[in-house]
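K.L.:
Dropping the sequence and predicted coords here.
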Amino acid sequence: MRVAIFSDTYIPQVNGVAKTLNRFTNYLKENEHSYHVFSPQVFDLPSTEDVTRLKSVPLKIYPECKISFPNLSKIKKTLREFKPDIIHIATPFTIGLSGLYIAKKMKLPLVASYHTNFDHYLQYYNLSFLENILWKYLDWFHKPSQKIFVPSKDTLTHLVTKGFNNLSLWTHGVDCSIFRPITNQNEIKQKYNITSKYTICFVGRIAPEKDLETLSKIISYTKQRFGHNLTWLIVGDGPKKEEMIKKTGTEHIIYTGYLQKSELVEIYGMCDLMVFPSDTETFGNVVLEAMACGTPVIGANAGGVKNIIRDYSTGILCEPQNFSSFCNAIEGCLQGNELLKHMSKKARDYALTQDWNSIFNKLVMEFEMIISPQPPILLSKKA
């Protein structure tokens with residue numbers, strides 16, 4: 001199979017879409033399929049045999065997202081040489097639009113994947129008045145796709161209510177050989193000069209859509225409640241980092257910035273809990289990563305996160321934007337060692353069932369059915 005992927009984000013950008021697509025292209029290569037990715041220029045990285053980097057500029061409202069200026073004639077030339085069997089569009093911005101246009105022009109099979117709840121983001125950027133326009137555009141953009149792949153049952157249900165058709169579930173997995181429990185917690189605590197009894201982490205982009213308002217209230221309450229017995233680790237970066245630091249201070253809080261996988265595993269494995277109040281997720285990759293490391297997650301009962309967390313089994317689900325609900329859950333966990341041990345084991349056990357290979361095998365089978373649909377089986381009439 002030869003797959004052309006159009007995405008407005010790709011590695012080395014650090015986000016769930018980029019990491020998922022990178023995992024998918026690795027799978028394609030390992031299984032002797034061919035791929036070609038069209039993505040934005042990042043850090044002046046050159047194009048390669050498998051990736052065409054397109055000139056781009058940062059989006060003002062979301063600087064880590066790039067807006068590209070595709071040269072359609074060059075893209076067509078590359079595609080004619082690559083000879084794709086199918087085009088996969090991962091984002092609805094300028095590169096995604098290029099993929100949509102070219103798929104129509106070249107009459108190639110077309111699929112899309114839906115990774116971001118843009119309508120939920122609007123409220124955090126004071127742009128809710130654009131919601132109707134957004135849905136009209138997303139409906140127009142996705143309508144030509146023969147399949148629209150979504151990462152969670154919640155997202156699928158949400159899109160059904162908006163009138164979307166041809167939806168299929170493409171959940172996400174985790175590499176449990178990389179994300180796994182660690183045995184040297186004390187050594188990692190020494191590395192970060194942590195002496196507190198408890199540690200809690202938040203992992204994600206430090207941006208409004210992660211509900212930083214609720215997170216800052218949770219941190220402020222727990223600092224008062226537990227004092228020097230609790231240390232927070234805030235892992236990630238983003239446009240609201242400095243504002244977040246001003247709100248929370250730095251006493252008993254460590255802002256690590258972005259971390260590589262090996263360091264991220266150390267943070268997950270060292271922490272007693274991960275707290276994730278975001279209610280905008282279509283899936284929540286970091287939630288599954290933490291669980292694979294044996295770290296229970298206290299998350300919002302919303303979006304894709306509620307499809308991952310099993311309440312009081314692999315973690316605890318709390319009312320979205322209700323910091324008291326999160327604080328009560330944290331107190332209950334830190335005061336109950338047996339509950340933490342139970343959830344830690346269940347979290348790891350669940351993560352072990354979420355294997356990337358089986359997930360991608362199913363996805364590729366669906367691609368194959370679109371490329372070469374099987375004729376219906378005609379049953380002969382009995383005499």
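P.N.:
Right, received. Where do you want to start? Numbers count the residues shown, from 1 in each chain.

K.L.:
Per the annotation, how does this protein divide into domains?
P.N.:
2-173+356-371, 185-352 (automatic domain parsing).

K.L.:
and among the ones you listed, the most buried is which?
P.N.:
Of all the domains of the chain, domain 185-352 has the most neighbours on average by mean count of other Cβ atoms under 10 Å, namely a mean of 19. The C-beta positions use only the backbone N, C-alpha and C, and glycine is treated the same way.

K.L.:
Looking at the domains of the chain, which is nearest to residue 179?
P.N.:
When the domains of the chain are compared by Cβ to Cβ, domain 185-352 sits nearest residue 179, at 3.7 Å.

K.L.:
Can you list the residue ranges for strands in the stretch 1-150 of the chain?
P.N.:
2-6, 34-40, 51-54, 56-59, 62-68, 86-89, 110-113, 147-150 (DSSP state E, counting those that start in this stretch).

K.L.:
can you list these in a markdown table and add distance to residue 245?
P.N.:
Output for the strands of the stretch 1-150 of the chain, formatted as a markdown table (distance: least, Cβ to Cβ, whole Å):
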| stretch | distance to residue 245 |
| --- | --- |
| strand 2-6 | 37 |
| strand 34-40 | 29 |
| strand 51-54 | 33 |
| strand 56-59 | 22 |
| strand 62-68 | 18 |
| strand 86-89 | 37 |
| strand 110-113 | 35 |
| strand 147-150 | 35 |
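
K.L.:
residues contacting the closest residue to residue 141 other than its chain neighbours?
P.N.:
Using Cβ to Cβ, 6 or more residues apart in numbering and skipping the chain neighbours, the partner closest in space to residue 141 is residue 92 (4.8 Å). Contact analysis of residue 92 by Cβ atoms under 8 Å, 6 or more residues apart in numbering lists 137, 138, 141, 142.

K.L.:
swap in residue 359?
P.N.:
Contacts of residue 359 by Cβ under 8 Å, 6+ apart are 170, 171, 172, 173.

K.L.:
Would you mind getting the angle between the helix or strand harbouring it and strand 2-6?
P.N.:
Secondary structure from DSSP states H and E places residue 359 in helix 356-371. Angle, helix 356-371 to strand 2-6, by axes from the mean of the first three to the mean of the last three Cα atoms, to 10 degrees: 100 degrees.

K.L.:
Can you give the distance of helix 356-371 from its chain's centre?
P.N.:
Computed by Cα atoms, centre = their mean, to the nearest Å, the chain-centroid distance of helix 356-371 equals 19 Å.

K.L.:
cool, and stretch 22-29?
P.N.:
Centre to centre, stretch against its chain (Cα atoms, centre = their mean), the figure for stretch 22-29 is 16 Å.

K.L.:
Need the mean per-residue confidence for stretch 198-216.
P.N.:
Computed over stretch 198-216, the mean pLDDT rounds to 96.

K.L.:
again, but for stretch 319-337
P.N.:
The predicted model assigns stretch 319-337 a mean pLDDT of 93.

K.L.:
returning to what we had before: how about the domains of the chain in JSON lines, adding distance to residue 179?
P.N.:
Formatted as JSON lines, these follow (distance: least, Cβ to Cβ, whole Å):
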{"stretch": "domain 2-173+356-371", "distance to residue 179": "11"}
{"stretch": "domain 185-352", "distance to residue 179": "4"}
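
K.L.:
ok so, going back, quick one: which of the contacts of residue 359 is nearest residue 368?
P.N.:
For those, the nearest to residue 368 is residue 170 (14.5 Å; Cβ to Cβ).

K.L.:
OK, contacts around the closest one?
P.N.:
113, 149, 150, 151, 359, 362, 363.

K.L.:
Kindly recompute the last result at 7 Å.
P.N.:
Residues in contact with residue 170 (Cβ atoms under 7 Å, 6 or more residues apart in numbering) are 113, 149, 150, 151, 363.

K.L.:
sorry, back to before: generate CSV for the strands of the stretch 1-150 of the chain, with mean pLDDT and distance to residue 314 as supplementary columns.
P.N.:
Compiled in CSV, the strands of the stretch 1-150 of the chain are given as follows (pLDDT from 0 to 100; distance: least, Cβ to Cβ, whole Å):
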stretch, mean pLDDT, distance to residue 314
strand 2-6, 97, 32
strand 34-40, 95, 33
strand 51-54, 94, 36
strand 56-59, 78, 35
strand 62-68, 71, 29
strand 86-89, 97, 31
strand 110-113, 97, 25
strand 147-150, 97, 22
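
K.L.:
between those, which one is nearest to residue 236?
P.N.:
strand 62-68 (10.9 Å).

K.L.:
Other residues contacting stretch 47-55?
P.N.:
Defining contact as Cβ under 7 Å, 6+ apart, one finds that stretch 47-55 is touched by 35-41, 45-46, 68-70, 78, 95.

K.L.:
now swap in stretch 76-85 and tell me
P.N.:
Outside of stretch 76-85, the residues within contact range by Cβ under 7 Å, 6+ apart are 1, 2, 3, 4, 36, 52, 102, 106, 108, 371.
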